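# Starting from these lines, generate the structure:
(one chain, ligands or ions: 3)
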Amino acid sequence: MTEILDLPADATAAETPQSTAPRRKLFIKSYGCQMNAYDAQKMSDLLAPAGFDETQSLDDADLVILNTCHIRERASEKTFSELGKVREVKLARRADGLATQIVVAGCVAQAEGSEILRRQKAVDLVVGPQNYHRLPDLLRRAETAPVIDTEFPVEDKFDFLVKAPRRITQARGVTAFVTVQEGCDKFCTFCVVPYTRGTEVSRPVEKIVAEIEDLADAGVREITLLGQNVNAYHGEGPDGRTWSLAKLCARLAEVPGIARLRYTTSHPNDMDDDLIAAHRDLPALMPFLHLPVQSGSDTILTAMNRKHNRESYREIVRRLRVARPDIALSSDFIVGFPGESDADFAATLDLIREIGFASTFFFKYSPRLGTPGADMDAQVPEDVKAARLIELQDLVETQRRAFNQSLVGRTLAVLFEKTGRHAGQIAGRSPYLQPVQVDASDTMIGRVAPVEITGVGPNSLFGRLIPREAERL
Ligand code: SAH
Ligand code: SF4
Ligand code: F3S
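Ligands and ions are numbered 1, 2, ... in the order given. A predicted model of the protein is given here:
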């Protein structure tokens, strides 16, 4: 097995000449968070000049990339069950005289490294989230022997990524993700992310602006800025100073064509005054914020090393609501963290009732090897976790429905994204990310227009386009 450590910069994708060989097919599947989805697009973009076109069919693929997630045990194990299926395809194709390369990328690659090759011998390449800019070269090397590249590199991968051709960006639609910050220094005691993504790094403002100008030029109207701790963003500005996320958002709101900005995921402690004020001052910043609190119990928040408490979270929410009265919130919760008593869990339910979330993500605590939580005493039994999860689910589902129902009769700005389920229908998103179905011409796709909400379905809202009202752009 060849272990690839530091490759010279000239061995990377940006330098890869356009291949004259016949084009090959790439099947790429991404798990986990939006940053993984962004990374998958970037991998596809940088493999295009090396001769690969994406396919949706695994059976046709000359190259299969699983872009994996390590956050919970189930996510991580999925990698290995999927690899079993991919191996079958590789063997079937081999019988037909066709070669298939299998790549494991993403956070399982980073965390498990050589263990992946041990458990699944059909894998050709294991590449971490900070190393995928070297893919074309790594794939060439992996033709002779399996390769692992998970060392955190000295160079910045973003400097080696390739811009997607305009037609590809257009095909991806009118919304896009852009990573502005990566990694995490917070070390919550349940979480693997600081180990899989490395320390916090922010991209320089000018590079982000350039990427977003290109996207806007190809018709993208809404950008979601991504980071594991996106509101801790502190990138170098064009003036040589450090810019905050608030300042970055103000600059990005000026990019012609960009109608909407979002950012995710935020940590409560990095919700500074400027960012709260930006929610008041920047109409492009959508009034919907994912601000995970994880638990409503101070005892558990301390054990989680969240470095905020229940009261400081409530205070941030209060200030956000003063700055932007129509703001809605979503959060993540973990149930059954070690030591969580009935009273701690009741405090979580109580906080949820008090804040009122538009949507909520909730997870049973999953002990992750190498994180402090996994070694804590008083692990909560599975059946207790499961019962708490159901109770929490009922509450947040009730809140979600109530929030959706509260929008009936209101007029919301909708960004239209695609044709709808039925002829004559188009689908868009509200400021609160709900899908909205409207009877209107598909010439509206890519535009923001006011819609009166007339009804609520299980997973979307229905509305009526308000004619002749001024559009925001
Ligand atoms: N950076 C984000 C979280 C990324 S992980 C933040 O700080 O909020 C997404 C969510 O997965 C977390 O918010 C947490 O709720 C959940 N999660 C992380 N580790 C987990 C674990 N070991 N078990 C269960 N849920 C976990
Ligand atoms: Fe994980 Fe905590 Fe960092 Fe979020 S802030 S990525 S939960 S360690
Ligand atoms: Fe999963 Fe890694 Fe994202 S662990 S949630 S893919 S940062």
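
# Does the single longest helix found in the chain pack against any helices or strands, and if so which?
Ranked by number of residues, the top helix in the chain under DSSP state H is helix 382-406. For helix 382-406, the packing partners by 3 or more C-beta pairs under 8 Å, 6 or more residues apart in numbering; DSSP states H and E come out as strand 328-335, helix 342-355, strand 359-364, strand 448-456. Using the backbone N, CA and C atoms, a C-beta is placed for each residue, glycine as well.

# Export the ones you listed as JSON lines, with columns for distance to ligand 1.
Converted to JSON lines, those look like this (distance: least, C-beta to the nearest ligand atom, whole Å):
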{"stretch": "strand 328-335", "distance to ligand 1": "3"}
{"stretch": "helix 342-355", "distance to ligand 1": "12"}
{"stretch": "strand 359-364", "distance to ligand 1": "4"}
{"stretch": "strand 448-456", "distance to ligand 1": "27"}
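
# what's the closest of these to Asn404?
strand 448-456 (4.6 Å; C-beta to C-beta).

# Leaving out the residues flanking it, which one is nearest to Leu465?
What sits nearest to Leu465 in space, not counting adjacent residues and going by C-beta to C-beta, 6 or more residues apart in numbering, is Ala440, at 4.8 Å.

# in the longest helix of the chain, what counts as buried?
Neighbour counts using 16 or more other C-beta atoms under 10 Å place Lys385, Arg388, Leu389, Leu392, Leu395, Val396, Gln399, Arg400, Phe403, Asn404 of helix 382-406 among the buried residues.

# Repeat that for stretch 276-292.
Neighbour counts over stretch 276-292 (16+ other C-beta under 10 Å) mark 276, 278-279, 282, 284-292 as buried.

# What of stretch 109-129?
Buried residues in stretch 109-129, counted by 16+ other C-beta under 10 Å: 109-113, 116-117, 120, 122-129.

# in a strand, that's where Phe459 is, yeah?
Just to correct that, residue 459 is Asn rather than Phe. No: using DSSP: H, G, I helix; E, B strand; the rest coil, the assignment for Asn459 is coil, not a strand.

# That one - how many residues pack around it?
8 (other C-beta atoms under 10 Å).

# pretty sure it is touching Leu433, no?
No: in this structure, Asn459 is not within contact of Leu433 by C-beta atoms under 8 Å, at 11.7 Å.

# and Pro338, how many neighbours?
Around Pro338 there are 20 other residues, counting by other C-beta under 10 Å.

# what does Pro238 give?
Around Pro238 there are 11 residues (other C-beta under 10 Å).

# Now do the SS call for the nearest residue to it once chain neighbours are set aside.
Excluding the flanking residues, the one nearest Pro238 by C-beta to C-beta, 6+ apart is Glu206, at 5.4 Å. Following three-state DSSP, the label given to Glu206 is helix.

# Glu206 contacts Asp239, correct?
No: using C-beta under 8 Å, Glu206 is not in contact with Asp239; the gap is 10.5 Å.

# a helix runs through Thr443, doesn't it?
Yes: per three-state DSSP, Thr443 lies within a helix segment.

# just to revisit the earlier point, so which of the buried residues of stretch 109-129 are also by ligand 1?
By C-beta under 6 Å from any ligand atom, no member of those lies near ligand 1.

# Quick check: the two most widely separated of those?
Ala122 and Pro129 (21.8 Å).

# for ligand 2, what are the nearby residues on this protein?
Cys184, Lys186, Phe187, Cys188, Cys191, Val193, Pro194, Gln228, Asn229, His267.

# check contacts around the first one.
Neighbour list for Cys184: Cys191, Val193, Pro194, Arg197, Thr199, Glu200, Gln228, Asn229 [criterion: C-beta atoms under 8 Å, 6 or more residues apart in numbering].

# Considering those, which is situated nearest to Arg94?
Nearest to Arg94 among the contacts of Cys184, counting by C-beta to C-beta, is Arg197 at 34.7 Å.

# which stretches of the protein have low pLDDT?
1-21, 468-473 (pLDDT under 70).

# Walking through it, point out its helices one by one.
Taking DSSP H as the test, the helices found in the chain are 34-47, 73-95, 106-112, 114-119, 135-142, 166-171, 193-197, 205-217, 245-252, 273-281, 298-303, 310-323, 342-355, 382-406.

# can these go into CSV with extra columns for distance to Arg464?
Converted to CSV, the helices of the chain look like this (distance: least, C-beta to C-beta, whole Å):
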stretch, distance to Arg464
helix 34-47, 31
helix 73-95, 40
helix 106-112, 42
helix 114-119, 52
helix 135-142, 47
helix 166-171, 29
helix 193-197, 42
helix 205-217, 29
helix 245-252, 31
helix 273-281, 28
helix 298-303, 44
helix 310-323, 29
helix 342-355, 31
helix 382-406, 16
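
# Need the winner for burial among these.
Highest mean neighbour count of the helices of the chain: helix 106-112, a mean of 26 (counted as mean count of other C-beta atoms under 10 Å).

# Residues contacting that one, please?
30-32, 36, 39, 66-71, 76, 79, 116, 126-130, 150, 192-193, 195-197, 370.

# repeat that with 6 Å
36, 67-70, 76, 79, 126-129, 150, 196 (C-beta atoms under 6 Å, 6 or more residues apart in numbering).

# Dump those to TSV, plus distance to ligand 3.
TSV is the format used below for the contacts of helix 106-112 (distance: C-beta to the nearest ligand atom, whole Å):
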residue	distance to ligand 3
Asn36	4
Asn67	8
Thr68	7
Cys69	3
His70	4
Ser76	8
Thr79	11
Val126	15
Val127	14
Gly128	10
Pro129	7
Thr150	13
Thr196	5
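
# just those now: which is nearest ligand 2?
Ranked by distance to ligand 2 (C-beta to the nearest ligand atom), those are led by Thr196 at 9.5 Å.

# wait, the closest one sits on Ile71?
No: the criterion here is C-beta atoms under 6 Å, and Thr196 misses it with Ile71 at 8.7 Å.

# returning to that earlier point: Leu248 versus the residue nearest to Pro238, what's the distance?
From Glu206 across to Leu248, the span is 11 Å (C-beta to C-beta, to the nearest Å).

# same deal with Gly455?
Computed as C-beta to C-beta, the Gly455 to Leu248 distance reads 38 Å.

# Angles on the backbone of the residue nearest to Leu465, please.
As for Ala440, its main-chain torsions (degrees, to the nearest 10) stand at phi -170, psi 170.

# One more: Ala122?
Dihedral angles (degrees, to the nearest 10) for Ala122: phi -70, psi -10.

# Could you do Val380 as well?
phi -90, psi 130.

# Following the record's annotation, map out the domains of this protein.
Domain assignment for the chain, taken from automatic domain parsing, gives 3-154, 158-406, 411-471.

# Next, count neighbours for the nearest residue to His308 once chain neighbours are set aside.
Spatial nearest neighbour of His308, chain neighbours left out: Pro268 (4.6 Å); criterion: C-beta to C-beta, 6+ apart. Pro268 has 22 neighbours, counted by other C-beta under 10 Å.
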